[in-house]
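# coordinates for the following, if possible.
(one chain, ligands or ions: 1)
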Amino acid sequence: MARLGIHIECLKEVFRMDAPIRMRIGEVFGKFEQATYASLHLEKVNNARDDRLRTVRVDIFWRGVVLAPKGGDNYTLLKVLPHDDAYRWAERHKVEVNAANGCIDIWDPAALHDALGEIEDEARETVRHLFDHVSDSDLVRLGITKETLAFARELTRVEQLETAKAFLSATQWDVLFGLAAGMTPEEVWSDLGCRAEPEPFDPEDLSSAVMRTSDRVLLVDGPADLMKIFREPFALWRVYLHPLQYQVAHASYRGPARVTGGPGTGKTVAALHRAKHLAVQNEGPVLLTTFTSALASSLGHDMALLLETPEQAQRVSVLNVDQVAHRVFTERHGRPTILRKDEELEIWKRLAIKRNSSLSEQFLYDEWRQVVLAQQVTSAGAYLQAKRSGRGRGLRAQQRVQVWEIVWDFQQELRLIDRWTHETVCVEAGKILAETSEKPYRHIVVDEAQDFSPMQWRLIREAVAEGTDDLFVAGDTHQRIYHYHPSLREVGIDIGGRSVRLTLNYRTTAEILAWSLSMLHDVRIDDMNEALEKIAGCRSHVHGEKPLERGFPTPLDEREALVAQIREWIEAGVEPREIGVAARSDILTRDARELLEREGVPVGTLARTGQGNAVRIGTMHGMKGLEFRCVAVIGVGENQVPPARAVTPVTEDENAHVRDLQRERCVLFVSSTRARERLYVSWHGQPSAFLPMDQPRHTW
Ligand SMILES: Nc1ncnc2c1ncn2[C@@H]1O[C@H](COP(=O)(O)OP(=O)(O)OP(=O)(O)O)[C@@H](O)[C@H]1O
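All right, here's what the predicted structure looks like:
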């Protein structure tokens, strides 16, 4: 029986077509299931470079180009184009088997030949070439053919390589682009999803090559499936994964594993597919968890799209980590009464006065969480020994004794009045789970792992028995925006060598990514596993406008310009819901919201649901994990970013000062990398020192 595949690039083009033509394409290619080669009316193309490329009539105007391997019954739809263009495309292109990963390579030899002629002169006059640092043998091992190699050797600028995307094989282009972005041949090799040892692939067996190209060819399960795909275009990540994403999501691990990578590199998508894979395996309940309830609800929405049967859906719970803690706690003790932050600060203040301490209630509030609870300190002796790096001010031994007395009083008081905080609920839930061998989950998948506190990690560790495929962790420490810096090992999670880094950004344009990355230029960030995290090789294939930076004399001028910018985007066809606005403080977001509302622009919050078609506005912290076509980051002035209150003075504690500045940079980095197409950054007065310094900017 014939089987149809559709190439990802073709699918993207079809998704952009009007519904009637999409349905017509669905009807024509739906026949592949029953058809035999002879009855398909696959027309041969005269003068074709590759006689396995045929065309099929869709209607009077459109034709499809199909790869019809000589053996086997696998047909792959590569293009749908106007009649003449379809023939021209089929005449020019060749299909081969990639020597590195065994997938199909589609390329345009004539265009490659012409381009080579165009760059040769420049190459002769230039001393440095783009790939001087890579040997021929490495390029060949990475699947670069002799024609592409000859071309690659003449490249002097990355712009020439970018142009070549139009005619090189996509896999070979990815290899070259990765090397040009600073990846080592080994990193590119693993990015290709190749095994450690090269495999021999039959260069003539295109049918098998198509089957292996699962990251670029969607194999359709019958006509109904095809019509469904064409009726409702969907996010491509539901079916296509980068080979490395696929590997990460489908591997079997002997213990905890993790995926890291810069913003927009598909970590959440890998986590979603991992959860689905585990649900399909059906070994027991799967928990997919993250930091905030907003992110959990977004994951829940995407998980529902990915799971295929009610049985699979029943096996996966999507909860944020506090919800997990509250469930476990409530089952044992009933619902806890949570102490509000203002109530808690009031208690700290009173207890500090009682013990004649001049330490502020906020300091005690943080000290309790970041030192006492984080390190499970239960005695004065342990507190005297506890690490306090990054805490903002040193404490002499005598002061530590005093702080411990206040902490002791505080914990006694909580017990007495039977009040809880989210942290104590989490600690208690961890204890309850530690006592039982019957764990609630067989597998746990964690997204946005970089912001989990040590208390939350201990809970997660206790919620699943140690063993194969127990924990899968996705996160990026460059996006850490809260205070905790736990080491996974210290909280009992040993990921050993089971860690993979994704580098290809699917969300952001190369311009926005470069602008954002330059903010983190000299910043050294840990990887939660006692080493430094890398961001080298993080790259995007998509180009767009440079981020727009604008300074204004007053806050009102800045807000009015924001309204004008949003109007301009909407007039250019961007839906209000595709626009996100972020500021560092609630006050700035409130002021911007008020003006937008007054000017008649629909405005909602950052929550994914219930917003209607409104511009979504919130704090930079709230932007975590989200994405928008257009993003405006406002109030990026020297006094607002970073806000003085968020940074320990260097005179008080140098380490804490550096750490605070780093965290604040990450907050700005997270908000700017939420933009898919356009990024607008504004301030009033002087600009923030965090902004990339590569160009002179107008200041007031
Ligand atoms: N294989 C893929 N093919 C197409 N699109 C993808 C793929 N993987 C991810 N994407 C898209 O890229 C965007 C970013 O993906 P995702 O949210 O998983 O990245 P992330 O690494 O978790 O990002 P961040 O850390 O910045 O929150 C999303 O729009 C997602 O749909």
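# ok, Thr289 - contacts?
Going by Cβ atoms under 8 Å, 6 or more residues apart in numbering, Thr289 touches Ala296, Val318, Leu319, Asn320, Val321, Val324, Ile444, Val445, Val446, Asp447, Ile460. For every residue, glycine as well, the C-beta is placed using N, CA and C.
# the last one: neighbour count?
It stands for Ile460. Neighbours of Ile460 under the rule other Cβ atoms under 10 Å: 29.
# ok, the first one next?
For Ala296, the count of nearby residues is 25 (other Cβ under 10 Å).
# am I right that it is in contact with Asn320?
Yes. With contact defined as Cβ atoms under 8 Å, Ala296 reaches Asn320; the gap is 3.9 Å.
# shared neighbours of the two, anything?
Joint contacts of Ala296 and Asn320 (Cβ under 8 Å, 6+ apart) are Thr289, Thr290.
# ok so, going back, tell me the one of the contacts of Thr289 nearest Arg340?
Closest approach to Arg340 among those (Cβ to Cβ): Asn320, at 19.3 Å.
# beta-bridge partners for that closest one, please?
Asn320 has these beta-bridge partners by DSSP bridges: Thr290.
# just the pLDDT for it.
Looking at Asn320, its pLDDT is 96.
# distance check, it against Ser499.
Plainly put, Asn320 is 24 Å away from Ser499 if you go by Cβ to Cβ, to the nearest Å.
# same deal with Leu345?
39 Å.
# what's the answer for Ala279, then?
23 Å.
# more neighbours, the two?
Ala279 (24 against 18).
# isn't that one right up against Pro310?
No. The criterion here is Cβ under 8 Å, and Ala279 misses it with Pro310 at 11.3 Å.
# what ranges do the helices span in the stretch 601-700 of the chain?
654-672 (DSSP state H, counting those that start in this stretch).
# same question, the stretch 451-600 of the chain
Going by DSSP H, counting those that start in this stretch, the stretch 451-600 of the chain shows helices at 454-462, 510-517, 555-571, 586-598.
# buried deepest among these, which one?
Across these, averaging neighbours per residue (mean count of other Cβ atoms under 10 Å) puts helix 454-462 on top, at a mean of 25.
# so what does that helix touch, helix or strand wise?
Helix 454-462 is packed against helix 321-333, helix 422-434, with contacts defined by 3 or more Cβ pairs under 8 Å, 6 or more residues apart in numbering; DSSP states H and E.
# wait, which of those is closest to the ligand?
Closest to the ligand of these is helix 321-333 (Cβ to the nearest ligand atom; 16.6 Å).
# mind checking the end-to-end distance for stretch 279-286?
Start and end residues of stretch 279-286 are separated by 7 Å (Cα to Cα, to the nearest Å).
# that one: how far from the chain's middle?
With Cα atoms, centre = their mean, to the nearest Å as the basis, stretch 279-286 stands 24 Å off its chain's centre.
# now stretch 122-133
For stretch 122-133, the distance to the chain centre is 34 Å (Cα atoms, centre = their mean).
# how long is it from one end to the other?
End-to-end distance (Cα to Cα), stretch 122-133: 19 Å.
# how about stretch 566-575?
End to end - Cα to Cα - stretch 566-575 spans 10 Å.
# before we move on, what about stretch 572-586?
Stretch 572-586 has an end-to-end distance of 29 Å (Cα to Cα).
# residues of it that come out buried?
Residues of stretch 572-586 classed as buried: Val574, Pro576, Arg577, Glu578, Ile579, Gly580, Val581, Ala582, Ala583, Arg584, Ser585 (neighbour count, 16 or more other Cβ atoms under 10 Å).
# pipe the residues you listed into TSV and attach distance to the ligand and pLDDT per row.
Shown next, in TSV, are these (distance: Cβ to the nearest ligand atom, whole Å; pLDDT from 0 to 100):
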residue	distance to the ligand	pLDDT
Val574	16	94
Pro576	19	95
Arg577	15	94
Glu578	12	94
Ile579	16	97
Gly580	13	96
Val581	18	97
Ala582	14	97
Ala583	19	97
Arg584	19	97
Ser585	22	95
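# which members of the residues you listed occur in strands, if any?
Those of the buried residues of stretch 572-586 mapping onto strands are Ile579, Gly580, Val581, Ala582, Ala583, per DSSP state E.
# beta-bridge partners for the third one, please?
Taking DSSP bridges, one finds Ile617, Ala632 as the beta-bridge partners of Val581.
# for the helix or strand bottoming out on mean pLDDT in the chain, packing partners?
In the chain, the helix or strand scored least confidently by mean pLDDT, DSSP states H and E is helix 222-231, which has a mean of 74. Other helices and strands packing on helix 222-231, by 3+ Cβ pairs under 8 Å, 6+ apart, are helix 19-30.
# using CSV, write out every CA atom in the helix it packs on.
Extracted in CSV, the C-alpha atoms of helix 19-30 (Å, rounded to 0.1, in the frame of the first residue of the first chain):
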residue,chain,number,x,y,z
ALA,A,19,-8.7,26.8,3.0
PRO,A,20,-10.2,25.7,-0.3
ILE,A,21,-6.9,25.0,-2.0
ARG,A,22,-5.6,23.3,1.2
MET,A,23,-8.7,21.0,1.1
ARG,A,24,-8.1,20.3,-2.6
ILE,A,25,-4.5,19.3,-1.9
GLY,A,26,-5.8,17.1,0.9
GLU,A,27,-8.2,15.4,-1.5
VAL,A,28,-5.6,14.8,-4.2
PHE,A,29,-3.0,13.4,-1.9
GLY,A,30,-5.5,11.5,0.2
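# centre of the chain to it, how far?
The answer for helix 19-30 is 33 Å, by Cα atoms, centre = their mean.
# between helix 222-231 and it, find me the angle.
Counting by axes from the mean of the first three to the mean of the last three Cα atoms, to 10 degrees, helix 19-30 lies at 160 degrees to helix 222-231.
# helix 19-30 packs against which elements?
By 3+ Cβ pairs under 8 Å, 6+ apart, helix 19-30 packs against helix 8-15, strand 53-57, strand 62-67, helix 222-231.
# can you put those in TSV and add mean neighbour count and distance to the ligand?
As requested, these are exported to TSV (neighbours: other Cβ atoms under 10 Å; distance: least, Cβ to the nearest ligand atom, whole Å):
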stretch	mean neighbour count	distance to the ligand
helix 8-15	16	8
strand 53-57	21	25
strand 62-67	23	21
helix 222-231	17	15
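# which residues touch the residue in the stretch 101-250 of the chain that the ligand sits nearest to?
The nearest approach of the stretch 101-250 of the chain to the ligand comes at Trp237, 3.8 Å away (Cβ to the nearest ligand atom). By Cβ under 8 Å, 6+ apart, the contact set of Trp237 is Gly266, Val269, Tyr506.
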